[in-house]
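Engineer: Structure for this input, please:
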Amino acid sequence: MISSPLVEENDEVPSFSKLPFMKKLPYMKDLLKNSLPTLAAFLTPVFTTLVSLYFLANYNDDKLVAGYGLGSMFSNTFGSSWVYSFNQAMNVFISQAFGAQDYDACGRYLRRNIIILGFLFIPLGICLITADKLMILFGVEEELATLGGIFTKLSLPFMIGAGLFDSMKSFIIGQKVFQPIFYIQVITFCLHVLWSKLFIDYFRLGIEGTIICRTLEEWANTIMIYFYIKFSGKFEKTWGAWTKDLFNFKEMWKQFKFTTSISLISYIQWIVYEVLTIIAGNFDAGQVVVHIAIANTSSIFFNSTMALSVTLLTFVGNNLGARKLNNAIHYSHAGYTLLFIVPFLFGSMIWIFLDQWLNFWSSDIETHEILLQGLKVYVFGCMAVDGINNGMISILKSVGKEKQTILSILGSYYLIGVPLIMLFAFVFHLKVVGIWLAFGIANYFLCIYNVISINKLDWIKVQRDVLEKLQSQEDIKEQELQQLI
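Structural biologist: All right, here's what the predicted structure looks like:
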């Protein structure tokens with residue numbers, strides 16, 4: 001039962017920038033250490049995609065690689081992106097409830113989220129089945145669309161596995177348990193390499209082989225994390241059971257509305273990459289390969305910063321639920337500091353291994369020149385601000401600013417970015433390089449807006465809103481108990 005008073009308006013909140021370095025360091029170390037397992041979780045799908053691309057590249061068929069890339073991107077649009085977006089919203093609920101020691105709520109949020117995802121997979125499945133027709137509608141070559149459609153049509157089984165695994169992953173992350181995810185996904189990644197060697201390389205199953213490998217991987221993840229939750233002994237208070245109150249329409253609708261508003265933020269961030277891929281699909285297969293190369297490199301960086309942002313969201317949510325406002329603010333600023341550092345490290349790694357990166361994607365010298373142009377535009381464009389954008393958006397969507405955040409992303413990416421893409425790619429004939437140049441400009445506009453929004457945050461009001469929401473949940477639970485008595 002929540003009984004502690006709300007934070008008083010005259011509470012002193014010292015600025016993170018004024019803290020001595022040695023007092024800043026623990027916050028940054030906490031975030032960095034705990035984000036590493038989450039990083040592994042976010043990057044594993046990216047690296048498994050690269051493993052599949054590596055074995056497909058041995059077929060010496062650019063159209064096959066381009067078709068696989070298109071199919072993978074579309075399956076993200078109508079599957080993975082929604083799953084990850086909904087589960088990030090659930091993480092907001094669970095982290096705050098766990099911080100407030102409302103352990104029963106953690107299990108309820110997980111189960112209701114699984115129910116919501118179950119209904120969501122019905123329209124998503126229809127979209128996956130018809131994705132090849134959508135590609136053709138948007139100008140993708142029929143042969144490439146057909147190859148991509150093979151992937152999307154067969155992807156629903158691994159999507160369901162991914163949905164269950166990611167839900168349980170968010171469940172334990174919200175309770176500040178990170179390490180097991182790392183071990184689980186390292187194991188299944190190693191198995192994925194063996195399965196790829198078998199089904200893609202040895203049996204030459206092509207795109208169908210990539211689906212088999214991904215399905216085996218996601219369901220192996222799901223089984224292992226389920227057994228960890230059930231038998232580790234760490235989640236006895238929070239796991240809960242399937243009960244009738246889970247289907248309380250009022251509470252289900254409330255979670256659905258909040259989850260949808262939060263997930264829209266993440267989804268329109270993710271889907272913009274698919275929009276870029278649709279546009280790139282209007283060019284020849286070589287240009288599509290260049291786009292896929294930059295998009296996959298971008299995915300590594302984006303998911304790295306997203307992992308740090310999810311960890312940041314968890315720590316901020318836990319501390320707000322536990323009424324530790326100062327800690328919540330300090331963790332948010334420590335996260336921003338790390339997200340400023342990461343692009344320099346990632347950019348340095350790219351230039352150190354530049355030759356290997358170029359040769360991985362193509363052996364053609366002319367393609368190398370386009371790859372290099374696109375990479376420069378990406379590194380000095382969107383990569384410079386992409387990470388800090390993820391961090392600021394994670395904070396904004398967890399403190400009740402989801403509506404304005406949705407509008408800012410839509411405005412930056414779609415009202416500014418898409419028209420610029422059309423201008424640079426088609427009018428100025430820059431093709432894929434133009435796509436990434438315009439996308440970088442849109443990210444800078446978004447960053448400016450996010451900085452202004454973060455500086456206007458009233459943290460006292462944020463704390464009050466979180467505690468009032470948790471108190472409301474307690475009141476509902478007591479009413480249900482009284483009715484049973």
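Engineer: now the helices for the stretch 151-300 of the chain?
Structural biologist: 156-173, 179-196, 206-231, 249-280, 285-321 (DSSP state H, counting those that start in this stretch).
Engineer: List the contacts of M383.
Structural biologist: Contacts for M383 (Cβ atoms under 8 Å, 6 or more residues apart in numbering) come out as S298, F301, P343, F346, G347. All C-beta atoms are positioned from the backbone trio N, CA, C, and that covers glycine.
Engineer: returning to what we had before: among the helices of the stretch 151-300 of the chain, which comes closest to K29?
Structural biologist: Taking Cβ to Cβ, helix 285-321 is the member of these nearest to K29, at 11.9 Å.
Engineer: Tell me the first helix or strand C-terminal of that closest one.
Structural biologist: Counting by DSSP states H and E, the element after helix 285-321 in chain order, helix or strand, is helix 325-352.
Engineer: Report the angle between that next one and helix 285-321.
Structural biologist: 160 degrees (axes from the mean of the first three to the mean of the last three Cα atoms, to 10 degrees).
Engineer: centre of the chain versus helix 325-352, how much separation?
Structural biologist: The chain centre lies 17 Å from the centre of helix 325-352; the measure is Cα atoms, centre = their mean, to the nearest Å.
Engineer: average pLDDT across the very next helix or strand once past it?
Structural biologist: Downstream of helix 325-352, the first helix or strand assigned by DSSP H and E is helix 354-361. For helix 354-361, mean pLDDT is 87.
Engineer: Would you mind putting the CA coordinates of the very next helix or strand once past helix 354-361 into PDB?
Structural biologist: Note on helix 354-361: by DSSP H and E, the next helix or strand toward the C-terminus is helix 365-380. Once non-C-alpha atoms are left out, helix 365-380 reads as follows in PDB (Å, rounded to 0.1, in the frame of the first residue of the first chain):
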ATOM      1  CA  ILE A 365      35.100  -0.900 -56.800                       C
ATOM      2  CA  GLU A 366      32.300   1.400 -58.000                       C
ATOM      3  CA  THR A 367      30.000   0.200 -55.300                       C
ATOM      4  CA  HIS A 368      32.800   0.800 -52.800                       C
ATOM      5  CA  GLU A 369      32.800   4.500 -53.800                       C
ATOM      6  CA  ILE A 370      29.000   4.800 -53.300                       C
ATOM      7  CA  LEU A 371      29.300   3.000 -50.000                       C
ATOM      8  CA  LEU A 372      32.000   5.300 -48.800                       C
ATOM      9  CA  GLN A 373      30.000   8.400 -49.700                       C
ATOM     10  CA  GLY A 374      26.900   7.100 -48.000                       C
ATOM     11  CA  LEU A 375      28.900   6.100 -44.900                       C
ATOM     12  CA  LYS A 376      30.400   9.600 -44.500                       C
ATOM     13  CA  VAL A 377      26.900  11.200 -44.800                       C
ATOM     14  CA  TYR A 378      25.600   8.800 -42.200                       C
ATOM     15  CA  VAL A 379      28.400   9.200 -39.700                       C
ATOM     16  CA  PHE A 380      28.400  13.000 -39.800                       C
END
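Engineer: For helix 365-380, which outside residues touch it?
Structural biologist: Against helix 365-380 from outside (Cβ under 8 Å, 6+ apart): 286-287, 289-291, 293-294, 297-298, 347, 350, 354, 357-358, 361-362, 432-433, 436-437, 440.
Engineer: now do stretch 209-227
Structural biologist: Against stretch 209-227 from outside (Cβ under 8 Å, 6+ apart): 48, 52, 55-56, 68, 151, 154-155, 157-159, 161-162, 164-165, 168-169, 172, 180-181, 184-185, 187-189, 191-192, 195-196, 199-200, 203, 205.
Engineer: Could you pull out the buried residues of it?
Structural biologist: By neighbour count on 16 or more other Cβ atoms under 10 Å, the buried set for stretch 209-227 is 209-222, 224-225.
Engineer: Could you check the pLDDT of S263?
Structural biologist: At S263, pLDDT is 76.
Engineer: repeat for T77
Structural biologist: 76.
Engineer: So which helix or strand of the chain has the lowest pLDDT on average?
Structural biologist: Least confident helix or strand, the chain: helix 459-484 with a mean of 70, by mean pLDDT, DSSP states H and E.
Engineer: Among the contacts of stretch 209-227, name the buried ones.
Structural biologist: Buried among the contacts of stretch 209-227 (16+ other Cβ under 10 Å): 48, 52, 55-56, 68, 151, 154-155, 158-159, 161-162, 164-165, 168-169, 172, 180-181, 184-185, 188-189, 192, 195-196, 199-200.
Engineer: any weak-confidence spans in the stretch 351-485 of the chain?
Structural biologist: Applying pLDDT under 70 to the stretch 351-485 of the chain flags the ranges 472-485.
Engineer: Quick check: T238 touching Y103?
Structural biologist: Yes - look at T238 against Y103 with Cβ atoms under 8 Å: they come within range, at 4.7 Å.
Engineer: Who has more neighbours out of these two?
Structural biologist: Higher neighbour count among T238 and Y103: T238, with 23 against 16, using other Cβ atoms under 10 Å.
Engineer: List the residues that contact that one.
Structural biologist: Neighbour list for T238: F98, Y103, D104, C106, G107, F171, Q175 [criterion: Cβ under 8 Å, 6+ apart].
Engineer: Just give the nearest non-adjacent residue to it, would you?
Structural biologist: C106 (3.9 Å; Cβ to Cβ, 6 or more residues apart in numbering).
Engineer: That neighbour sits in which helix or strand?
Structural biologist: Going by DSSP H and E, C106 is in helix 103-129.
Engineer: So which bits of that helix are buried?
Structural biologist: 103, 105-114, 116-117, 120-121, 124-125, 127-129.
Engineer: what's the angle between it and helix 156-173?
Structural biologist: Using the same axes, to 10 degrees: helix 103-129 against helix 156-173 is 160 degrees.
Engineer: Compute the first-to-last residue distance for stretch 53-68.
Structural biologist: 8 Å (Cα to Cα, to the nearest Å).
Engineer: tell me which residues in that stretch are buried?
Structural biologist: For stretch 53-68, by 16+ other Cβ under 10 Å, it's L53, F55, L56, A57, D62, K63, L64, V65, A66, G67, Y68.
Engineer: JSON lines for those residues, including secondary structure and distance to L246?
Structural biologist: Below are the buried residues of stretch 53-68 laid out as JSON lines (DSSP: H, G, I helix; E, B strand; the rest coil; distance: Cβ to Cβ, whole Å):
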{"residue": "L53", "secondary structure": "helix", "distance to L246": "41"}
{"residue": "F55", "secondary structure": "helix", "distance to L246": "43"}
{"residue": "L56", "secondary structure": "helix", "distance to L246": "43"}
{"residue": "A57", "secondary structure": "helix", "distance to L246": "47"}
{"residue": "D62", "secondary structure": "helix", "distance to L246": "49"}
{"residue": "K63", "secondary structure": "helix", "distance to L246": "47"}
{"residue": "L64", "secondary structure": "helix", "distance to L246": "45"}
{"residue": "V65", "secondary structure": "helix", "distance to L246": "44"}
{"residue": "A66", "secondary structure": "helix", "distance to L246": "44"}
{"residue": "G67", "secondary structure": "helix", "distance to L246": "42"}
{"residue": "Y68", "secondary structure": "helix", "distance to L246": "39"}
